[in-house]
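> Provided below for reference: sequence and predicted model.
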Amino acid sequence: GAGVSQSPSNKVTEKGKDVELRCDPISGHTALYWYRQSLGQGLEFLIYFQGNSAPDKSGLPSDRFSAERTGGSVSTLTIQRTQQEDSAVYLCASSLDRYQPQHFGDGTRLSIL
Amino acid sequence: QKEVEQDPGPLSVPEGAIVSLNCTYSNSAFQYFMWYRQYSRKGPELLMYTYSSGNKEDGRFTAQVDKSSKYISLFIRDSQPSDSATYLCAMSGAGGGNKLTFGTGTQLKVEL
């Protein structure tokens, strides 16, 4: 079946611009997660959505980062006023519920010039 | 000190060898333990998922968890060139799959 789908696969933008990254989870998965993978830091948790509950935003590095999940399905991660240190691979994962293993998409490679 | 420590490698082995990959952790609240495989420019792919201490086997892969030592291992038998990838350990607390904490990954190369 279809896995987690992320778009775009690559994004290059200038410092100071806003970017939107999209995640389409596996159908029927109620939990959705965003992570960031960078060379120096490895894989870091950003935000977690579970059903209609308030999201766990404890991993967002600054208020320039925000995410929403509409209709319990597709999610968008938005980075405002991008900085060079935002360059990384942004990975989305979903799971059937919070107790089941997470399955990842192939990520969006974000480069800030 | 990081919550999860993993030797970054690179680790190079001949085809057919048994590979041992390990992680140590400091947070005693971790209850769920996972191993992911990541190929270049791809997302992590789940290999093994275990709860609490014990062993789990799936084909050529065996995962071991020793909570008393805060130590987990992944063994790969009869390693193949297609196993060449980065292996990431991950773990989470009593709340289940919420908020995984990852090791930095071990790069493995299986040589012909």
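Yep, that arrived.

> quick one: contacts for the nearest residue to residue A:90 once chain neighbours are set aside?
Spatial nearest neighbour of residue A:90, chain neighbours left out: residue A:108 (4.9 Å); criterion: Cβ to Cβ, 6 or more residues apart in numbering or on different chains. (Each C-beta comes from the backbone N, C-alpha and C, glycine too.) Going by Cβ atoms under 8 Å, 6 or more residues apart in numbering or on different chains, residue A:108 touches A:6, A:7, A:8, A:9, A:10, A:11, A:21, A:89, A:90.

> if we go to 6 Å?
Residues counted as contacts of residue A:108 (Cβ atoms under 6 Å, 6 or more residues apart in numbering or on different chains) are A:6, A:8, A:11, A:21, A:90.

> Strands of chain B, start to end?
B:4-6, B:11-14, B:19-25, B:32-38, B:45-51, B:54-58, B:61-66, B:71-76, B:85-92, B:101-102, B:106-111 (DSSP state E).

> Give me the most central residue, chain A.
Note on chain A: the residue nearest the mean C-alpha position is residue A:34, at 3.4 Å, using Cα atoms, centre = their mean.

> Residue B:70 against residue B:23, yeah?
No: applying Cβ atoms under 6 Å, one finds residue B:70 not in contact with residue B:23, separated by 9.2 Å.

> so how far is residue A:87 from the residue nearest to residue A:90?
Distance check for residue A:108 against residue A:87: by Cβ to Cβ, to the nearest Å, it reads 11 Å.

> Strands of chain A, start to end?
A:5-7, A:10-13, A:19-24, A:31-38, A:42-50, A:65-69, A:75-79, A:88-95, A:103-104, A:108-112.

> right, is the longest one up against chain B?
Same thing as strand A:42-50. Yes: for strand A:42-50 and chain B, the contact criterion (Cβ under 6 Å from any Cβ of the partner chain) is met by A:42, A:43, A:45, A:48.

> Enumerate the positions of that strand that are buried.
Using 16 or more other Cβ atoms under 10 Å in any protein chain shown as the test for burial, strand A:42-50 gives A:42, A:43, A:44, A:45, A:46, A:47, A:48, A:49, A:50.

> hmm, back to that, farthest pair in the residues of strand A:42-50 next to chain B?
A:42 and A:48 (17.8 Å; Cβ to Cβ).
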